[in-house]
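Peer 1: Test case, fold it:
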Amino acid sequence: MLRLAVKLWSYLGVGYRWTMNLWRLIIYAMLLLPGFLQMIVFYFFSPRVIRNVAYGRGPRQMLDWYLPKQSIPGQQHPVVIFVTVAQHAPNALLSMRWAGCQQGNALDMLQDVNTGISWVCRRCGMHRGDPDNVVLVGQSAGGQLGALALMRQAEQMASGLSSEQAFPPWNPADVRAFISISGAYDMAGLAEHLHKRGLYRNLFDQIMSLGGTPSMDKLSPQCVASSWGKAAAPAAFMPPVMLVHGTADKSVPSTQAQALHTALVESGVDSTCRLVDHATHTVFLLEGPMRGGKDPLMALMLPVIYGLKAS
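Peer 2: Numbering: from 1, shown residues only. Okay, the predicted model is just below:
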């Protein structure tokens, strides 16, 4: 842990922006502590949470399985693969863990996500999940990784050629829909944006690297979609996509969702972009659920999750 902390410090340096943001984050977490305590009690003591299920051989390849409140014996439930933040949902939900930026590079993260999706699609039927109704959901970095994993698998299916970014392989047809929440899709643009906000470029270059070389374009879903062109072959293997983003998101600008949506539609993918007014980067998963009342994210997601199955 100390070695990883020193490595992270070497990338961040002594810049004042990230130091101020760190203190803001600490204060923010303290204000939300009552809500966090309720979630912690549910996570550790609820019989509906099956924790630390290994989906691979790696030490970080673990997921948590959230079971529905009510279940009829023999009934199958929709399955939501959530990369990477666990949230309450009225169905079988799996929260997947992957290598964080201090533990691996982008290829390590992609392999974790691909391994987890493949495991869930193969085994969800054994745990009352409906293998014909699996929805992939990603939030923030999970949105980028989920989109990239899905698109690389579609490319692999279309070309018949293996790709290191699509290992281990799985069939994108096993996923009925993909929902990305506040995802990052143009990594070069995001690097410049975050550099101004205190996450300096040298750290981001290290994270978004392949073989030790920064590879922003290859790791950007928007660049991948743009390279497909019109009526692209991989688009035929893509499930419907819904991009959800807040217009007040300062961490990842909503223009990233709009640009990816445009590129996907031009390539022939069934894509929808939902912009939520005044929503920030964290409102969908933290402030919104803690505030109570109508949840705009659930209002968007549940019709997709419980929609008609693909024939």
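Peer 1: Are we agreed that Val53 is in a strand?
Peer 2: Yes - per DSSP: H, G, I helix; E, B strand; the rest coil, Val53 lies within a strand segment.
Peer 1: quick one: it and Leu285, what's the gap?
Peer 2: 21 Å (Cβ to Cβ, to the nearest Å). In this view, the C-beta of every residue, glycine as well, is placed from N, C-alpha and C.
Peer 1: do the same with Thr84
Peer 2: For Thr84, the distance to Leu285 - Cβ to Cβ - is 11 Å.
Peer 1: higher neighbour count, the two?
Peer 2: Thr84 (23 against 18; other Cβ atoms under 10 Å).
Peer 1: Could you measure from the closest residue to that one other than its chain neighbours over to Ser267?
Peer 2: Nearest non-adjacent residue to Thr84, counting by Cβ to Cβ, 6 or more residues apart in numbering: Gly142, 4.3 Å away. Gly142 sits 22 Å away from Ser267, going by Cβ to Cβ.
Peer 1: So the two - more neighbours on which side?
Peer 2: Comparing Gly142 with Ser267 by other Cβ under 10 Å, the one with more neighbours is Gly142, at 26 against 22.
Peer 1: where in the stretch 1-150 of the chain is pLDDT low?
Peer 2: 1-18, 85-104 (pLDDT under 70).
Peer 1: for it, what spans make up the strands?
Peer 2: Per DSSP state E, counting those that start in this stretch, the stretch 1-150 of the chain carries strands over the ranges 49-54, 62-66, 77-83, 92-96, 129-139.
Peer 1: As TSV, those strands with distance to Met290 and mean neighbour count would be great.
Peer 2: Converted to TSV, the strands of the stretch 1-150 of the chain look like this (distance: least, Cβ to Cβ, whole Å; neighbours: other Cβ atoms under 10 Å):
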stretch	distance to Met290	mean neighbour count
strand 49-54	19	13
strand 62-66	18	20
strand 77-83	18	25
strand 92-96	18	26
strand 129-139	16	23
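Peer 1: Distance to Asn171 for the ones you listed - can I get that in CSV?
Peer 2: Converted to CSV, the strands of the stretch 1-150 of the chain look like this (distance: least, Cβ to Cβ, whole Å):
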stretch, distance to Asn171
strand 49-54, 22
strand 62-66, 20
strand 77-83, 14
strand 92-96, 18
strand 129-139, 11
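Peer 1: most remote residue from this structure's center?
Peer 2: Computed with Cα atoms, centre = their mean, the residue of the chain farthest from its C-alpha average is Pro73, at 31.1 Å.
Peer 1: Count the neighbours of the closest residue in space to Phe36 that isn't next to it in sequence for me.
Peer 2: Excluding the flanking residues, the one nearest Phe36 by Cβ to Cβ, 6+ apart is Ala29, at 7.5 Å. Ala29 has 11 neighbouring residues, counting by other Cβ under 10 Å.
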